[in-house]
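Engineer: heads up, no residue letters with this:
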């Protein structure tokens, strides 16, 4: 059995999780601090990939990154093409995973007592230090949850990846696509193996993250008892 | 020396205030919603007044006329919040250390964490987290954290309102001592007139944004 889909899926999910981790935090930080009248619109645009059918996202990405699309043309000018290549799987996974990271982190940011942030401001430290030393640690359970959800969503994407990446074995064929095509061609045993594999990987990641967050909480409590 | 006169439009009324304070404690007293906390926030820079001027030690920190609004972190103001606003993920020591000025930035005073913790009698709590200490202890930690930045002015927003009577009396005495020791102006917000009379060298009563001077005495005069 060819294990390439596992590696392709993991590669896409891991890179997409890293990308959405930073972009999601940056977007959450911007929107929670923004007080303008476009807040609702900006939030809507950033959340859209969560509610749109994955095929619609894939279609939009295809237009954007296609030969005649704005980003596609730009990439062509430097001799690169994204469509039906492995970066396409990363882009699709990042776009579908992004809203989960953004929304979870934003809600975690908004739950932080504003007086704590104001207290830090009166202490003369920079906004950058406040962000990394106060905001992120206090929002950590939300950041961790968002990361796990983003990873799970990135690993499980089917529609958007298929639209922009295709199903080229060894190149863009991810586990969800492999399951679909195996089941479609009647190879139920093969499909079942992929189902079990994706099930195990997702479960391991979720469990490890839960234990890690618990461990951190216990460490803080233990340090306090000394 | 603090001089302030400013207006701030609030949803139901317009706040108007004018005061000056050389040293000692200015108590702002009034019912909830009278605008007391808004005054502190305007002085600290957490809110901008609609118009007016705030001057700390001959340095203009806010002036609507001159378009000056110095950011909070550069005003050198200590602020003790009503709910203490301690950093829950840091030990008492780290909370107090958080705003410590960088070496050499203030050459006149050299404060160590131990000095401040000792002065406020909380040295034994240095490795505890905020959720492991009492309300009175939290208040001392918040004071220590504010003083560690070596502020030129200390703002206290109902600092004793959530404490029991005994702790309250002890801390009232300590605030008075601390002001004498520190020699910087304190502005204390309280809704308790008795507390204002006990602590305030100057007392301003607020009602719907209008001020009434109840006592004016400045230690420096």
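Structural biologist: Perfect, thanks for sending it. Model, not experiment: these values are computed from the prediction. Numbers count the residues shown, from 1 in each chain, chains lettered A, B, ... in the order given.

Engineer: okay, CA-based contacts and neighbour counts for the rest of this
Structural biologist: Noted.

Engineer: give me the nearest residue to whichever residue of chain A sits closest to chain B, chain neighbours excluded.
Structural biologist: Residue nearest to chain B within chain A (Cα to the nearest Cα): residue A:124, separated by 3.8 Å. Spatial nearest neighbour of residue A:124, excluding adjacent residues (Cα to Cα, 6 or more residues apart in numbering or on different chains): residue B:73 at 3.8 Å.

Engineer: quick one: the one you found is in a helix?
Structural biologist: Yes - under DSSP: H, G, I helix; E, B strand; the rest coil, residue B:73 sits within a helix.

Engineer: number of residues surrounding it?
Structural biologist: 22 (other Cα atoms under 10 Å in any protein chain shown).

Engineer: wait, isn't it in contact with residue A:118?
Structural biologist: No - assessed by Cα atoms under 8 Å, residue B:73 is found out of contact with residue A:118, at 9.8 Å.

Engineer: name the residue of chain B that lies nearest to chain A.
Structural biologist: Taking Cα to the nearest Cα, chain B has residue B:73 as its residue nearest chain A, at 3.8 Å.

Engineer: the helix or strand hosting residue A:97 and chain B, are they touching?
Structural biologist: Taking DSSP states H and E as the definition, one finds residue A:97 inside helix A:86-110. No - using Cα under 8 Å from any Cα of the partner chain, helix A:86-110 stays clear of chain B, with a minimum separation of 14.7 Å.

Engineer: could you point out which element follows that helix?
Structural biologist: Trace forward from helix A:86-110 with DSSP H and E and the next one is helix A:114-122.

Engineer: now what about that next one, what contacts it?
Structural biologist: A:127, A:130, A:134-135, B:44, B:46, B:72-73, B:76-81, B:85-87, B:99 (Cα atoms under 8 Å, 6 or more residues apart in numbering or on different chains).

Engineer: list the buried residues of it.
Structural biologist: A:116, A:117, A:118, A:119, A:120, A:121, A:122 (16 or more other Cα atoms under 10 Å in any protein chain shown).

Engineer: picking that back up, what pLDDT does the residue nearest to residue A:124 get?
Structural biologist: We have a pLDDT of 86 for residue B:73.

Engineer: check contacts around it.
Structural biologist: A:121, A:122, A:123, A:124, A:125, A:126.

Engineer: can you report how many residues lie near the fourth one?
Structural biologist: Using other Cα under 10 Å, the number of residues around residue A:124 comes to 22.

Engineer: phi first, then psi, for it.
Structural biologist: phi 80, psi 10 (degrees, to the nearest 10).

Engineer: do a quick rundown of the helices in chain B.
Structural biologist: B:36-44, B:92-97, B:113-119, B:135-148, B:165-182, B:193-199 (DSSP state H).

Engineer: contacting residues around the last one?
Structural biologist: It refers to helix B:193-199. So helix B:193-199 is in contact with B:25, B:27, B:28, B:29, B:30, B:172, B:176, B:190, B:203, going by Cα under 8 Å, 6+ apart.

Engineer: repeat that for the first one.
Structural biologist: Residues outside helix B:36-44 that contact it (Cα under 8 Å, 6+ apart) are A:122, B:28-30, B:47-49, B:54, B:72, B:75, B:77, B:79, B:155, B:157, B:187, B:189, B:206.

Engineer: so what's the model's average confidence on that helix?
Structural biologist: For helix B:36-44, the mean confidence score works out to 92.

Engineer: angle of it against helix A:114-122?
Structural biologist: Helix B:36-44 runs at 30 degrees relative to helix A:114-122, counting by axes from the mean of the first three to the mean of the last three Cα atoms, to 10 degrees.

Engineer: repeat for the longest one
Structural biologist: Relative orientation of helix B:165-182 with respect to helix A:114-122: 20 degrees, computed using the same axes, to 10 degrees.

Engineer: end-to-end on stretch B:118-128?
Structural biologist: Start-to-end span of stretch B:118-128 (Cα to Cα, to the nearest Å) is 15 Å.

Engineer: next one: stretch B:113-130
Structural biologist: First residue to last in stretch B:113-130 (Cα to Cα) measures 17 Å.

Engineer: go on, stretch B:25-36?
Structural biologist: End-to-end distance for stretch B:25-36: 15 Å, by Cα to Cα.

Engineer: list the buried ones in that stretch?
Structural biologist: B:25, B:26, B:27, B:28, B:29, B:30, B:34, B:35, B:36.

Engineer: how about stretch B:66-81?
Structural biologist: B:69, B:71, B:72, B:73, B:74, B:75, B:76, B:77, B:78, B:79, B:80, B:81.

Engineer: which residue packs closest to residue A:8, ignoring adjacent ones?
Structural biologist: What sits nearest to residue A:8 in space, not counting adjacent residues and going by Cα to Cα, 6+ apart, is residue A:174, at 5.7 Å.

Engineer: phi, psi of the one you found?
Structural biologist: Dihedral angles (degrees, to the nearest 10) for residue A:174: phi -90, psi 170.

Engineer: pretty sure it is touching residue A:6, no?
Structural biologist: Yes - taking contacts as Cα under 8 Å, residue A:174 lies within contact range of residue A:6: 6.7 Å.

Engineer: who has more neighbours, these two?
Structural biologist: residue A:174 (32 against 21).

Engineer: helix, strand or coil for residue A:167?
Structural biologist: coil.

Engineer: residues in contact with residue B:122?
Structural biologist: Applying Cα under 8 Å, 6+ apart, we find residue B:122 in contact with B:137, B:140, B:141.

Engineer: swap in 7 Å and give it another go.
Structural biologist: By Cα atoms under 7 Å, 6 or more residues apart in numbering or on different chains, residue B:122 lies in contact with nothing.

Engineer: tell me, how many residues neighbour residue 15?
Structural biologist: Answering for chain A, as no chain was given. Under the criterion other Cα under 10 Å, the count of neighbours that residue A:15 has is 19.

Engineer: I was thinking of chain B, sorry if that wasn't clear
Structural biologist: 23.

Engineer: which residues sit in contact with residue 69?
Structural biologist: Here I'm looking at chain A. Residue A:69 neighbours (Cα under 7 Å, 6+ apart): residue A:63.

Engineer: let me rephrase: I mean chain B.
Structural biologist: Neighbour list for residue B:69: B:61, B:62, B:63 [criterion: Cα under 7 Å, 6+ apart].
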